[in-house]
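S.K.: Here is the input, now give the coordinates:
(one chain, ligands or ions: 2)
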Amino acid sequence: MNIKIAPSTNPPKPEDMLEYIKELNALDVDYIHCDIMDGKFVTATTFGADITKKIAEVTKIPLNVHLMVKKPKDVKQYIRAGASIVTIHLEAFEDIKQVIKTLLKIAKLGAIPSASIKPNTPLEKLWPILGYVGMVLVMSVEPGKSGQEFIAGTLDRIAQIKKKLGELGLDDVLVEVDGGVNNKNIADIKKTGADIVVVGNYLYSAVDRGEAIKKLKK
Ligand code: DX5
Ligand code: ZN
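M.R.: Ligands and ions are numbered 1, 2, ... in the order given. Okay, here's the model as predicted:
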């Protein structure tokens, strides 16, 4: 199966974002990956539910919301804004019970619950919540900004997650990879069995964005 592509929402000039999303409508992309940063979980701040709604107004491409937010409480506003997948970070909460509670809330509100894991968080922290998610977002850079280099050790982590999902009979759970994805590392990422890749800098900086997508999908 072809890998799915999820362009992210941090073009170098934030004021260009909605125009960039409109351009994506004409390309062969599968999701829009909305990077929500709160200035607490990560240093940078991006936007919230209001702008997410504005994105939903200019595209029919499903929105995949990545909450780089400390203890996100109000997941409802993102689902109301049009998110079909909502990702929270394992590291954003003090204990696993709060993670599970939030994942159940996302599911109850009608979106696909998803959990993300940062590069240095032990994978064992992810295992207890696999039964509650429809997607796992594997960070291949430290969350916080676009344009960083893909951490090579992520390939083995993705393979281990896919293996664990198989052992648990959870093969339907999607695995998305976020950070530093480009035409040079895509073949190795595909070998791990990942389902979706996020692309930021690779696509913003491409001269021909249609060609850039083709290179990832072929
Ligand atoms: C990183 C964000 C990513 C970012 C990816 O904190 O979560 O979604 O936009 O951008 P690139 O592909 O440039 O690493
Ligand atoms: Zn992201």
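S.K.: is stretch 145-164 anywhere near ligand 2?
M.R.: No - judged by CB under 5 Å from the ion, stretch 145-164 and ligand 2 are separated, with a smallest distance of 8.7 Å. Yep, even glycine has a C-beta here, placed from its N, CA and C like the rest.
S.K.: Any buried residues in that stretch, and which?
M.R.: Neighbour counts using 16 or more other CB atoms under 10 Å place 145, 146, 150, 151, 154, 155, 157, 158, 161, 162, 164 of stretch 145-164 among the buried residues.
S.K.: Make a markdown table from the residues you listed and add secondary structure to it.
M.R.: As requested, the buried residues of stretch 145-164 are exported to a markdown table (DSSP: H, G, I helix; E, B strand; the rest coil):
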| residue | secondary structure |
| --- | --- |
| 145 | coil |
| 146 | coil |
| 150 | coil |
| 151 | coil |
| 154 | helix |
| 155 | helix |
| 157 | helix |
| 158 | helix |
| 161 | helix |
| 162 | helix |
| 164 | helix |
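S.K.: Distance to residue 23 and pLDDT for those residues - can I get that in TSV?
M.R.: Listed next are these as TSV, based on distance: CB to CB, whole Å; pLDDT from 0 to 100:
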residue	distance to residue 23	pLDDT
145	22	96
146	17	96
150	24	98
151	29	98
154	28	98
155	30	98
157	32	98
158	29	98
161	32	98
162	32	98
164	37	98
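S.K.: Closest to ligand 2 out of those?
M.R.: residue 146 (8.7 Å; CB to the ion).
S.K.: how about the closest residue in space to that closest one that isn't next to it in sequence, what does it touch?
M.R.: Spatial nearest neighbour of residue 146, chain neighbours left out: residue 200 (3.8 Å); criterion: CB to CB, 6 or more residues apart in numbering. Going by CB atoms under 8 Å, 6 or more residues apart in numbering, residue 200 touches 7, 8, 10, 146, 147, 179.
S.K.: What count of nearby residues applies to the closest residue to residue 170 other than its chain neighbours?
M.R.: Using CB to CB, 6+ apart and skipping residues adjacent in sequence, the residue nearest residue 170 is residue 130, 5.7 Å away. Residues contacting residue 130 under the criterion other CB atoms under 10 Å number 16.
S.K.: what residues are up against residue 130?
M.R.: 136, 164, 165, 168, 170, 173.
S.K.: Check these for burial and list the buried ones.
M.R.: Using 16+ other CB under 10 Å, the buried ones in these are 136, 164, 165, 173.
S.K.: Return the subset of the residues you listed lying in strands.
M.R.: Using DSSP state E, residue 136 are the members of the buried ones among the contacts of residue 130 that sit in strands.
S.K.: Which member of the buried ones among the contacts of residue 130 is positioned nearest ligand 2?
M.R.: residue 136 (13.2 Å).
S.K.: pretty sure that closest one is touching residue 174, no?
M.R.: Yes - contact criterion CB atoms under 8 Å: residue 136 and residue 174 qualify, at 7.4 Å.
S.K.: Report the set of residues contacting both of the two.
M.R.: With CB under 8 Å, 6+ apart as the test, residue 136 and residue 174 both reach residue 114.
S.K.: What is the burial count for residue 215?
M.R.: 15.
S.K.: and which of the buried ones among the contacts of residue 130 is nearest to ligand 1?
M.R.: residue 136 (14.2 Å; CB to the nearest ligand atom).
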